[in-house]
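Undergrad: I would like the atomic coordinates for the input below:
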Amino acid sequence: MIIRKMEKLEQISLGLDIGEVKNALRATDGVQIEAFLEVAKPLISAQAVYRVCYIEEKLEEAVIIDGIRFSSRILRRNLEKVGRVFPYVITIGSGLEQKADASKDLLEKYYLDQIGNIALSKARKHLEDCLRSKFALDGLSYMSPGSLADWPIQEQQPLFSILKGAEVSIGV
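TA: Modelled structure (predicted):
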């Protein structure tokens, strides 16, 4: 088994703009959203790590990727015609979450949290675009442990074992 090194994308530019955030939040008060966005932008530090991995074995309700077992019938089905995968972890840093947690204003907490979700989605899109370009990929989809009952959050542990060092590298 060849261990491929983990790749890192730093300082991902998200291009968060008021119109996009306002539309995503279905907000009518652009001034208020702009104020929250100005608070949020300097607190966001988007980064990602990923590895190129290959599926070694496809079992009935699991897959073995670089020697690590992932148990999920749906994941197994989704990887039926796939031989190569790109496990990844993305973060926007902890600054925005800390600011939202410290706020006493429920509306501010909500908007900062939603801006964080938008930023995370944009960071994932940036990673996908990089992968498409670098590896000449036509199709690309993603799944995450905890998003389905069939693939519980506990499956993050095997994911992080494939991405050893992600915690230190990008602070997750």
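
Undergrad: Work out for me the element E60 sits within.
TA: Using DSSP states H and E, E60 maps to neither a helix nor a strand.

Undergrad: now the lengthiest helix in the chain: how far from the chain's centre is it?
TA: What stands out as the longest helix in the chain, according to DSSP state H, is helix 106-135. Between the centre of helix 106-135 and the centre of its chain there are 8 Å (CA atoms, centre = their mean, to the nearest Å).

Undergrad: So which elements touch that helix?
TA: Here helix 106-135 touches strand 7-9, helix 18-25, helix 30-40, strand 47-50, strand 88-91, helix 95-102, going by 3 or more CB pairs under 8 Å, 6 or more residues apart in numbering; DSSP states H and E. Where you see a C-beta, it was placed from the backbone N, CA and C, and this is true even at glycine.

Undergrad: shaky segments in this structure?
TA: The chain contains residues with pLDDT under 70 at 1-3, 168, 172.

Undergrad: which residues make contact with the strand ranked longest in the chain from outside it?
TA: If you go by DSSP state E, the chain has its longest strand at strand 53-58. The contact list for strand 53-58 (CB atoms under 8 Å, 6 or more residues apart in numbering) reads 1, 4, 63-67, 76, 79-80, 82-87, 162.

Undergrad: Could you dump the helices and strands packed on helix 106-135 into CSV and include mean neighbour count and distance to W151?
TA: Output for these, formatted as CSV (neighbours: other CB atoms under 10 Å; distance: least, CB to CB, whole Å):
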stretch, mean neighbour count, distance to W151
strand 7-9, 16, 24
helix 18-25, 15, 26
helix 30-40, 16, 30
strand 47-50, 22, 18
strand 88-91, 21, 16
helix 95-102, 15, 24
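
Undergrad: Tabulate these (CSV), appending distance to Q156.
TA: Below are the helices and strands packed on helix 106-135 laid out as CSV (distance: least, CB to CB, whole Å):
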stretch, distance to Q156
strand 7-9, 19
helix 18-25, 26
helix 30-40, 26
strand 47-50, 14
strand 88-91, 9
helix 95-102, 18
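
Undergrad: hmm, back to that, can I get the CA coordinates of the helix or strand following the longest helix of the chain in PDB?
TA: Heading C-terminal from helix 106-135, the first helix or strand you meet, by DSSP H and E, is helix 156-162. Taking C-alpha atoms only, helix 156-162 is exported to PDB below (Å, rounded to 0.1, in the frame of the first residue of the first chain):
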ATOM      1  CA  GLN A 156     -15.300  10.500  11.600                       C
ATOM      2  CA  GLN A 157     -12.600   8.500  13.500                       C
ATOM      3  CA  PRO A 158     -11.600   6.300  10.600                       C
ATOM      4  CA  LEU A 159     -11.700   9.400   8.300                       C
ATOM      5  CA  PHE A 160      -9.300  11.300  10.600                       C
ATOM      6  CA  SER A 161      -7.100   8.200  10.700                       C
ATOM      7  CA  ILE A 162      -6.700   8.500   6.900                       C
END
